[in-house]
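Chemist: predicted model and sequence follow; I will ask about them next.
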Amino acid sequence: MNEITDKADQMISDLKKTKEFFLQNYKKTNSPVSIFTHLDSDGLSSGAILGKALYNENIPFQMTILKQLEIIEIKKIVEKVEEFHNFLIFSDFGSGQYLELSKSLNNNGSSTPYIILDHHLPQEVTDKNDERLKEIYKDTAPWHINPYFYNIDGSTEVSGAGICYYFAQVLNKENEKLAPIALIGAIGDIQNKGVNNSFIGLNSLILEKAKDLDYIEITNDLNFSAIKPLNEAIAYSSNLNLPGLSGNPNKALKFLLKLGIIMENSDGKIKTLNDLSKEEKKKLTSAIIEYATLKLDIEPSEIYKNLIINRYILKNEIVGSELHDLSEFSNLLNSCGRTNSGSLGVAIAMGDRRLAYQKAKNNLIEYKKSIMKSLNWIFENNIIQEKEYIQYFFGGDVIHENIIGTITSMLVFDESGKINKKKPLFGYAKREEKKVYKISGRAHESIVDKGINLSEVIREALKLSDLEALGGGHPPAAGTKVPIDKLENFLDNCNLVVKKQLERKK
């Protein structure tokens, strides 16, 4: 823990300089601060933390939620700032575009003040061991904060929301109460992948703060959705593959009934995991372990490891609501962003429990339907194609560009055995009214450990394809956009770069 704390202290020391840079330059603008953030759960959590922190300081702000920080968006930002002279904050993106931002916002002899609070690999950096990180750190202080500058892994140890949380905490110690929102962002970026879904690195420090403030309770629970009908939660779990039950809610229902678990509450509603008594949970745990051991020949210790997880409960939220469990809260925010309602997600994360929350719950229903429709369509129609070193699929008219990344992530983590986890997966969907594809690449941790780095794959493939688009992310998750007529060439080059990475590791 001392090593983690030392890294955090070093970053906080730099954030104090960032705070001074922000306050000095903001006061010169006489305009609201402009926050630009990403539309996923981590981006909306980041925006909410910054919005709450500025609100607490009586600093006016406006927020723009973007699908990606692309060259065309940067040009639009430059045009606006030339007119209004706002101070700019980029959260959950900006590092991967820092050279473009620097060039565009420091032009014609004038300089626009801005800060970047991000956790993705900086532009032109290949991995966390790249020596260029030291040079970028030196050249971009104090306006650029990134965990990789402090030997902190931005893909596993802290999210964009976590970086924004530390900035907010430096701005005013009272903002430490925003710790749960930072963890919601981390869960959104699948950073709770330690033992039993625990957090590591800076996220573990943020969790300790949330616990100290008595905001979060950690419970051991079954690794199923806590608010879906229980048979559906078991059948559609992406974390546990139970042949005979997985993908079949009717068989899962019969399984539960044989255990004597009555599936209807006194109010007529179908039971969820939250509705089970301790005795019912024990009975279900034993039955699943027995089922996996006898019918699937899985070691009891192995199934138990995947079956029991840490569940992070917000103590001041209503039991059974989408906000009670941090994971469900994160899903709600993600659904807002992916259905072009990111402002609802930010409002909820900032504390709105009325109109915004009700609208977001309706969005969540539609979002879940689109997810299930997309996954069923992929599996029923054998949509995924393979090259020698990669696999890929086109969303067609079924999968919208806003959820292509979500679908690709779910496929990579799917435990049904239908996906080849030995190859990176690239999903692509057509941009509305544009002749380009949105590309989302995902790699299972097992091949990331073997040398696969999708941030590097995306950037190298863009260069080899003579494309000027910005792209990157993390080793297990990265994205970009590609003109429709360049797609085949781009995928071929992705295949080539992945091959080189695997050979380099041997």
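Modeler: Looks like it came in fine.

Chemist: mean confidence (pLDDT) on the lengthiest helix in the chain, please.
Modeler: Taking DSSP state H as the criterion, the chain has its longest helix at helix 355-381. For helix 355-381, the mean per-residue pLDDT is 90.

Chemist: over to stretch 18-32?
Modeler: 94.

Chemist: list the contacts of it.
Modeler: Stretch 18-32 has contacts (CB atoms under 8 Å, 6 or more residues apart in numbering) with 33, 59-62, 84-87, 89, 113, 115, 142-143, 145, 167, 170-171. Bear in mind the C-beta positions are built from the backbone N, C-alpha and C, glycine included.

Chemist: what of stretch 132-151?
Modeler: Taking CB under 8 Å, 6+ apart as the rule, stretch 132-151 contacts 7, 10-11, 14-15, 17-18, 20-21, 94-95, 98, 102, 113-122, 124-125, 128, 153-154, 157-158, 163, 167, 202.

Chemist: name the nearest residue to Phe255, sequence neighbours excluded.
Modeler: Spatial nearest neighbour of Phe255, excluding adjacent residues (CB to CB, 6 or more residues apart in numbering): Leu245 at 5.9 Å.

Chemist: go ahead and list the helix or strand containing the one you found.
Modeler: Using DSSP states H and E, Leu245 maps to neither a helix nor a strand.

Chemist: could you check how many residues crowd around Gln24?
Modeler: 10 (other CB atoms under 10 Å).

Chemist: picking that back up, drop anything exposed from the contacts of stretch 132-151.
Modeler: Listed as buried from these are 7, 11, 14-15, 18, 21, 94-95, 98, 102, 113-122, 125, 128, 153-154, 157-158, 163, 167, 202; burial here means 16 or more other CB atoms under 10 Å.

Chemist: excluding its backbone neighbours, what's nearest Gly94?
Modeler: Ile116 (3.6 Å).

Chemist: dump the residue contacts of the one you found.
Modeler: Ile116 neighbours (CB under 8 Å, 6+ apart): 90, 94-95, 98, 101, 140, 143-146.

Chemist: got these as CSV, with distance to Leu502, pLDDT and secondary structure columns?
Modeler: Shown next, in CSV, are the contacts of Ile116 (distance: CB to CB, whole Å; pLDDT from 0 to 100; DSSP: H, G, I helix; E, B strand; the rest coil):
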residue, distance to Leu502, pLDDT, secondary structure
Phe90, 34, 98, strand
Gly94, 31, 97, coil
Ser95, 26, 97, helix
Tyr98, 29, 96, helix
Leu101, 33, 96, helix
Thr140, 33, 96, helix
Trp143, 37, 97, coil
His144, 32, 98, strand
Ile145, 33, 98, strand
Asn146, 28, 98, coil
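
Chemist: may I have the helix or strand harbouring Ile181 as CSV, with CA atoms only?
Modeler: Using DSSP H and E, the element containing Ile181 is helix 179-188. Extracted in CSV, the C-alpha atoms of helix 179-188 (Å, rounded to 0.1, in the frame of the first residue of the first chain):
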residue,chain,number,x,y,z
ALA,A,179,-15.4,9.0,-4.0
PRO,A,180,-18.3,6.7,-4.9
ILE,A,181,-18.8,8.5,-8.3
ALA,A,182,-15.1,7.8,-9.1
LEU,A,183,-15.6,4.1,-8.4
ILE,A,184,-18.7,4.0,-10.6
GLY,A,185,-16.5,5.3,-13.4
ALA,A,186,-13.9,2.6,-12.6
ILE,A,187,-16.5,-0.1,-12.8
GLY,A,188,-17.7,1.3,-16.1
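
Chemist: secondary structure element for Glu208?
Modeler: Using DSSP H and E, Glu208 falls in helix 202-212.

Chemist: distance from that helix to the middle of the chain?
Modeler: In terms of CA atoms, centre = their mean, to the nearest Å, the gap separating the centre of helix 202-212 from the centre of its chain is 18 Å.

Chemist: counting contacts, what elements does it pack onto?
Modeler: In terms of contact count using 3 or more CB pairs under 8 Å, 6 or more residues apart in numbering; DSSP states H and E, helix 202-212 is assigned the packing partners helix 2-26, helix 160-171, helix 179-188, strand 216-222.

Chemist: try 6 Å this time
Modeler: helix 179-188 (3 or more CB pairs under 6 Å, 6 or more residues apart in numbering; DSSP states H and E).

Chemist: what packs against the helix it packs on?
Modeler: Judged by 3+ CB pairs under 6 Å, 6+ apart, helix 179-188 is in contact with helix 41-56, helix 160-171, helix 202-212, helix 326-338.

Chemist: give me the angle between the shortest one and strand 216-222.
Modeler: What that stands for is helix 202-212. 110 degrees (axes from the mean of the first three to the mean of the last three CA atoms, to 10 degrees).

Chemist: who's in contact with helix 202-212?
Modeler: Helix 202-212 has contacts (CB atoms under 6 Å, 6 or more residues apart in numbering) with 8, 157-158, 162, 176, 179-180, 182-183, 186, 191, 199, 216.

Chemist: count residues in the vicinity of Ile309, would you?
Modeler: 20.

Chemist: any idea how far the nearest residue to Ser335 once chain neighbours are set aside is from Ser440?
Modeler: Of all residues not flanking Ser335 in the chain, Tyr367 sits nearest, at 3.6 Å (CB to CB, 6+ apart). Separation of Tyr367 from Ser440 (CB to CB, to the nearest Å): 17 Å.

Chemist: ok, now Ala226?
Modeler: 27 Å.

Chemist: do the same with Asn239
Modeler: For Asn239 relative to Ser440 (CB to CB), the value is 21 Å.

Chemist: again, but for His85
Modeler: With CB to CB as the criterion, His85 and Ser440 are 35 Å apart.

Chemist: who has more neighbours, those two?
Modeler: A side-by-side neighbour count of His85 and Ser440, using other CB under 10 Å, places Ser440 first with 26 against 14.

Chemist: I'd assumed the more buried one was in a strand, is it?
Modeler: Yes - counting by DSSP: H, G, I helix; E, B strand; the rest coil, Ser440 falls inside a strand.

Chemist: who does it form a beta bridge with?
Modeler: For Ser440, the beta-bridge partners are Gly427, Gly479 (DSSP bridges).

Chemist: shouldn't it be in contact with Ile404?
Modeler: Yes - Ser440 lies in contact with Ile404 (CB atoms under 6 Å); the separation is 5.0 Å.

Chemist: would you map out the domains in the protein?
Modeler: Here the domain parsing of the chain from automatic domain parsing is 2-215, 222-373, 383-505.

Chemist: skipping adjacent residues, who's closest to Ser343 in space?
Modeler: Ile65 (6.8 Å).

Chemist: so the one you found: helix, strand or coil?
Modeler: Going by three-state DSSP: Ile65 is strand.

Chemist: mind listing what it touches?
Modeler: Ile65 touches 37, 39, 342, counting by CB under 6 Å, 6+ apart.

Chemist: highest neighbour count among the residues you listed?
Modeler: Thr37 (33 neighbours).

Chemist: show me where the stretch 401-506 of the chain has its helices.
Modeler: 404-413, 445-448, 454-464, 487-505 (DSSP state H, counting those that start in this stretch).

Chemist: those helices: which one's closest to His474?
Modeler: helix 454-464 (5.8 Å; CB to CB).

Chemist: can you give me the mean pLDDT across the closest one?
Modeler: Helix 454-464 comes out at a mean pLDDT of 96.

Chemist: so where's the protein uncertain?
Modeler: 1, 107-110, 433, 505-506 (pLDDT under 70).

Chemist: and the angle for the helix holding Ile181 with helix 41-56?
Modeler: Going by the same axes, to 10 degrees, helix 179-188 makes 160 degrees with helix 41-56.

Chemist: next, the residue nearest the centre of the chain: phi, psi?
Modeler: Closest to where the C-alpha atoms of the chain average out (CA atoms, centre = their mean) is Asp189, at 2.4 Å. Dihedral angles of Asp189 (phi, psi; degrees, to the nearest 10) stand at phi -100, psi 20.
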